[in-house]
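[1] coordinates only, no sequence provided:
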C-alpha cells in the first residue's frame, strides 16, 4: 500500500472543526421566513442570524455562509470558534473566500488547461470558514438527505466553490440538500506545533479537520431550516476530500455528526506521526526565520509571507496532513483496522481505473514515453521493497492482459494499483470485517477523449458524473452523447446511498455489498455492471509485495 504521504502528494490534483463545545445557539427559534411561493430572494433564520439567498431553476442557494469565525491573528493554528450572531439580514449570494494557498504552485498552473481555476472565486483570506448550501426546499418538515462535500487538492489547496462542485443539479434532480465546505489548508490547517509550542498548540496539526467538524455541527443545528434532515447526513469527497472523509471516521468529535460516508480515490489508512509532523514544522519555522522558543510569533506574520514560504518549499508540504496527536485524532484512520467510533456508518469506496495518468500528465509528461529500462528503474523506486524476481513477475502479469501495452502503460497501471486500488481494497476489507455496516465498492472505467485520449479513466474524471455537471467540464471529459446517461446513473447512485445507505436504483444492476468472499464491485462505464473481484490476479500480486 502506498505510503500515506505519497498517496496524498499524488492526490493533490483532484478536486479534491474544533470541536466547538456545545451547540451553535440551539435556543434560537426555528422559524423559516419564506412565502408559500418560491421567492427569488428567500430569507432563512439560522441559529446565528438571518440569511438572504437566491432561487433559480427549482433550487435555493445560499453561498458564503460563515460557520466559523476568522482564523487570523491570535486564532491562527488554534481550534476554530463559532461566529458571533448578527442582527438584520446578511446576503448569502456569492461564493465565500478560499483558504490561503499557493495559487502559483507549478502543478496547479499546469492543471488549468483541464480544470480552469480550481482554487475558486473570491479573495483568499483567513476568514475562510464558509460553506454553500443548495436545496430544492426550505420546508423544515421535508427532511431531505444531506450531502456534505469535502473538496480535493490533498490537504494543501482547493475550494468547494469551483463550478464543477455546484450542487444545483444534484439537489434539483435527486431531491437532496448539498453542502460544500471550505476549511483551513496546508500550513494554516496542518502545521503541528504541539511539541514546539506545548499544550496551547496541541491540536494545531489537525485544525483543518476540526474546521470540518465545526461545519458539521453547523449542519446539525441549521440544515433543517434548509429542508434537510440533520439525522441523515452523508460526507463525501474525492482525493484529498476522500482522505478527509477517512480521517473524520476516526475522530471522536465527529461521531454522530454524519451517518454515511463516500470515499472517492482517497482511501487514507494512516496519519502522520508526531515525529514526522514535528520535523516538518521545524523546517517551516526555519524557512520563516522564527525561533522555536518564539512560536507565538507565527501568529503575527502576514498571510502573504506564509504563502511565499509555501511557494519556496514547493511540493514538500503537499504530503502534510492530519497528525496522530493523541487529542483530536487518537488513532490512525483505518490502520490496523476500521475505527470503532464510526462502525455503524455505511461506506461507499472506490477509485478510477487509470488514476495516475492525470497526475503524470500534470507533473512529468515524459512518463508517457518510457523505455523498458526506464520503466523498470522507476518501478524499483516506486516498489522499493520488491526484488528483481518479484518485479519481473509483476510486469509479466500486467502484460498478460495488456499485450499491446507500452512500458509507460505498464508503469502507470502498476503505480495506480499499488497506490489507489490497493488502499481502497484495504479500507473496504477492514470496514467489512466489522460486520456492523455495509461497504460498497466501485471502479470507474469510462475513458475521456481529451488530451488525445492519453488520460483514459484518470484521477478526478468521475467528478462531473457524480455532480451531474458534465456540461461544466468539457475540458476534462469532452463532449458526447455518452456523458449524460452515465451522469444520470452515477449521480443517482450517490443520492440513493445518501438517502438509504444503499446505492441501488432502477438505472443500475443490483449492487451487492462488498465482502471478501465475493468482492462485488460496480463497474461504471457506458455499460454499468457488477464484477466479482475485478483484477483478482493483480490484487493478489500487489498484496504479496513486501511493505515497509
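    Now that the structure is in, tell me what you want to look at. Computed from a predicted structure; not experimentally measured.

[2] break down this protein into its strands, ranges please.
    43-45, 50-52, 54-56, 59-66, 89-91, 130-135, 144-150, 177-181, 228-238, 260-264, 347-352, 439-444, 520-524, 529-532 (DSSP state E).

[3] in TSV: these, plus mean pLDDT, mean neighbour count and distance to residue 419.
    C-beta here means a position set from N, CA and C on the backbone, and glycine is covered the same way. Conversion of these to TSV gives the following (pLDDT from 0 to 100; neighbours: other C-beta atoms under 10 Å; distance: least, C-beta to C-beta, whole Å):
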stretch	mean pLDDT	mean neighbour count	distance to residue 419
strand 43-45	97	20	43
strand 50-52	98	20	42
strand 54-56	96	15	41
strand 59-66	98	23	35
strand 89-91	97	15	43
strand 130-135	98	27	30
strand 144-150	98	27	20
strand 177-181	98	28	26
strand 228-238	98	23	15
strand 260-264	98	27	14
strand 347-352	98	27	9
strand 439-444	98	24	14
strand 520-524	98	22	18
strand 529-532	98	13	21
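
[4] show me this structure divided up by domain.
    4-342, 353-544 (automatic domain parsing).

[5] identify the bridge partners of residue 444.
    residue 352, residue 524 (DSSP bridges).

[6] show me where pLDDT drops low in the protein?
    Scanning the chain for pLDDT under 70 picks out 1-38, 106-113, 116, 315-319, 548.

[7] could you redo the last one with a cut-off of 80?
    1-40, 104-118, 314-320, 361-363, 385-386, 546-548 (pLDDT under 80).

[8] sorry, back to before: and the domains of the chain, which is most packed in?
    domain 4-342 (a mean of 21; mean count of other C-beta atoms under 10 Å).

[9] distance-wise, check the spatially most central residue of the chain relative to residue 55.
    What sits nearest the mean C-alpha location of the chain, by C-alpha atoms, centre = their mean, is residue 241, with 0.7 Å. Computed as C-beta to C-beta, to the nearest Å, the residue 241 to residue 55 distance reads 28 Å.

[10] same question, residue 348
    31 Å.

[11] ok, now which ones touch the nearest residue to the residue nearest to the centre of the chain once chain neighbours are set aside?
    Distances taken as C-beta to C-beta, 6 or more residues apart in numbering place residue 150 nearest to residue 241, at 3.9 Å, with adjacent residues excluded. By C-beta atoms under 8 Å, 6 or more residues apart in numbering, the contact list for residue 150 reads 160, 181, 212, 235, 236, 237, 241, 242, 244, 245.

[12] same thing but 10 Å
    By C-beta atoms under 10 Å, 6 or more residues apart in numbering, the residues touching residue 150 are 16, 158, 160, 179-183, 209, 212, 215, 235-245, 247-248, 262, 266.

[13] cool, and residue 402?
    409, 410, 413.

[14] how about the last one, what does it touch?
    Spelled out, that is residue 413. Residue 413 neighbours (C-beta under 10 Å, 6+ apart): 353-357, 398-399, 401-402, 405, 421, 535, 538.

[15] how far off centre is stretch 208-215?
    13 Å (C-alpha atoms, centre = their mean, to the nearest Å).

[16] separation between the nearest residue to residue 514 once chain neighbours are set aside and residue 530?
    Take residue 514 and drop its neighbours on the chain: the residue closest to it by C-beta to C-beta, 6+ apart is residue 441, 4.4 Å away. According to C-beta to C-beta, residue 441 stands 10 Å off from residue 530.
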